[in-house]
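1. Pasting the sequence and the predicted model now:
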Amino acid sequence: MKKTLRQKWQTFTFSERFTAITSVGGIVVSIVGLTLVIISLKSSEKIASTSTYLQTYAWTIDVDKAFIEHPEAKGYLYEDIAKLKSNSKYKQDKAQLDVILELMLDSYDAILNNTSYFKIYPDQYQIWMKTVKDNFKRSAVLRMKFEMDSDEYSSLLDQAYKHRLDRK
């Protein structure tokens with residue numbers, strides 16, 4: 001006759017029962033611990049990506065600050081290239097404008113490459129991509145700067161440049 005688990009259990013000595021209980025308890029504790037580690041890692045990833053995303057505000061403020069310190073550069077941002085080339089003041093201000101444009105492109109590139117944040121908040125990615133595309137569409141000098149330095153930037157920024165005329 002086969003013994004049931006209960007009958008087998010009753011034949012165990014105290015030390016055998018203790019060993020079995022602690023073994024099962026160890027397995028349960030290990031599973032709970034592993035679950036908590038996974039939850040903690042996911043939470044850490046979310047915190048890190050959010051922290052990186054919050055840095056975008058600092059970059060945006062840096063660009064705004066540059067335009068405040070050099071208001072003449074803002075006027076060139078959306079000007080037609082033909083008009084700029086005939087503007088003698090533009091030729092004097094071009095070096096400063098190039099620095100600001102590079103700051104803008106670096107910021108956009110860093111923002112679009114924060115893929116861990118955008119995996120959590122995909123709608124934010126769409127908003128930023130639209131912002132970057134709109135700026136490429138509206139600013140001839142930004143496009144010109146990107147075309148000159150495009151090999152320094154990621155494929156995501158290149159994608160925004162190439163698809164600047166798309167509706168989305």
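-> Ah, there it is.

2. so how far is G25 from K8?
-> Using CB to CB, to the nearest Å, we find K8 at a distance of 19 Å from G25. (Glycine included, C-beta is placed from N, CA and C.)

3. what does T52 give?
-> 41 Å.

4. of those two, who's got more company?
-> Between T52 and G25, counting by other CB atoms under 10 Å, T52 is the more crowded of the two (15 against 10).

5. Could you list which residues are in contact with the more buried one?
-> For T52, the contact set (CB atoms under 8 Å, 6 or more residues apart in numbering) comprises N114, S116, Y117.

6. Adding neighbour count, distance to M104 and pLDDT, write the residues you listed out as a markdown table.
-> Formatted as a markdown table, the contacts of T52 follow (neighbours: other CB atoms under 10 Å; distance: CB to CB, whole Å; pLDDT from 0 to 100):
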| residue | neighbour count | distance to M104 | pLDDT |
| --- | --- | --- | --- |
| N114 | 20 | 16 | 82 |
| S116 | 14 | 23 | 77 |
| Y117 | 22 | 20 | 79 |
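
7. Now name the helix or strand holding the nearest residue to L101 once chain neighbours are set aside.
-> Nearest non-adjacent residue to L101, counting by CB to CB, 6 or more residues apart in numbering: K145, 4.1 Å away. Per DSSP states H and E, K145 falls inside helix 140-149.

8. can you tell me the average pLDDT over that helix?
-> Averaging pLDDT along helix 140-149 gives 94.
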